[in-house]
Structure formats: structure tokens, C-alpha cells
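J.: The following block contains a protein sequence and its predicted model.
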Amino acid sequence: MSHTISEAAHSELLIKKSRFIGCVQPMTDRAAAQKVVAELWEQHPGAAHVCWALLAGGQSAAVDDGEPSGTAGRPMLDVLRHQDLEGVLATVVRYFGGVKLGAGGLVRAYTDSIAQALLTSQKVAIVKLRHLRCSAPYALEGLVRREIELAGASLRQVEHGELVTFAFSLADNAATAFIAALSEAGHGRIAWLKEEDAEDAE
């Protein structure tokens, strides 16, 4: 199961006088990631490099920003993929300390910066949700509300017309059994309306 992180987490490493400031944070898309990178340059005008990697909504990026090709962005992206993360931006600001690290040393430095930051991050499972809608007679409103609550579903909307219409979301893998159980409890008086699929972090 894929995970995201709930908030930004940081790390700082000093390797042969070079300072590596790592950060992992939730991110929706490439445009938002580029904005964060631009802000990092404003905050660290004396930095030698701001390297970054992104996995978000099918968009990925691995940017070496002047470091030798494949020594920064790609190793950072590999860390995100290895931990099965989604919707995450990894950045490392490097202040050069005058000692070259070599390709292997750079790969380790950028990998470790992101791995260290992820150690302190709060991971959250990404649960595929199904959005459901049903209508029921007023006499069954209490029953439907109770069942929705017991299933741990999230009630989004209730409309009172000729019937009571409920809109709610619950984990996709629990939806089919829930529909069957509620239909049985309502003795066929609960009508299911058009469903939509969605994916959300829980």
C-alpha cells in the first residue's frame, strides 16, 4: 500500500565540510514543487546546489541541479520509490565545503539526507475511497446513520426531501460488503444511487 507523509520533516548532515540540508514534505504536483525549490534558493542564496526529487500524482522528477548527472536527483527519487511513497517532494540544499566527494560520496550524501529526514516523518496510508449515495425512508434514517458510523465511513452530506439521501465515503475494499449489509438491514427499502470513485489519504 502506498503512503504519503503528513507534514514536512528535515535533516542536516555535515560531510567533509559540505553541509546537506534535507527536507521531505507533502506535495501535490510539479508546479507546486518548483515553487518550493525557488523559495529554497531565496532562503539559501549562498548554496551551491538545490537538488530535488518528486513523486506526485503520476508526476516524477529527479533534478541534479549542477551536481554530476545521476548523483543527486535520481538517488533521492529511488529512496522515495523504495519506501513506496506518493505525493512527496524531497529537497536537499548543499553548501559546498571545498572538498570534492566523488560520485559515490555524492550518491551516499543525497540518499542519506532524504533517508534521515524520512526517519522522523509521519507516514500516512493512502486509502482508495469509494463515494456512495443512498436514499432511505425517514423511518430508516437512524439505522443508516448508525451503520455509516459503525463502518467508520465519513458522512459528507444528508439531504431531506421525499426521502433522506446520504452521501458518504468509505474504504473501497469494504464498500461491497457494506452495501449488501445495509440493503439487508433496510429490507430492500434503501436505494443506491450513482457511485463515484476517488482516492484520498486517510
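T.: Okay, I see it.
J.: from the chain's centre, how far out does the strand ranked longest in the chain sit?
T.: Once the chain is assigned using DSSP state E, the strand that runs over the most residues is strand 123-136. Centroid separation between strand 123-136 and its chain, computed with C-alpha atoms, centre = their mean, to the nearest Å, is 16 Å.
J.: Same check on stretch 62-71?
T.: Here the centre of stretch 62-71 is set off from its chain's centre by 24 Å, with C-alpha atoms, centre = their mean.
J.: just checking, what's the longest helix in this structure?
T.: Residue-count comparison of every helix in the chain, with assignments taken from DSSP state H, identifies helix 102-119 as the longest.
J.: what does the domain assignment say about the protein?
T.: As recorded under automatic domain parsing, the domains making up the chain are 3-121, 127-201.
J.: The protein: strands as residue ranges?
T.: Counting by DSSP E, the segments of the chain that form strands are 3-5, 9-15, 18-26, 49-56, 59-63, 88-95, 123-136, 154-160, 164-171, 191-192, 196-201.
J.: Least reliable of the ones you listed by average pLDDT, please.
T.: Per-stretch averages of pLDDT across the strands of the chain put strand 196-201 at the bottom, with a mean of 45.
J.: Endpoints of stretch 136-153, how far apart?
T.: Across its full length, stretch 136-153 reaches 17 Å end to end, with C-alpha to C-alpha, to the nearest Å as the criterion.
J.: One more: stretch 3-19?
T.: Using C-alpha to C-alpha, the gap from the first to the last residue of stretch 3-19 comes to 29 Å.
J.: Centre of the chain to it, how far?
T.: 18 Å.
J.: If anything else comes up later, I'll come back, but that's it for now.
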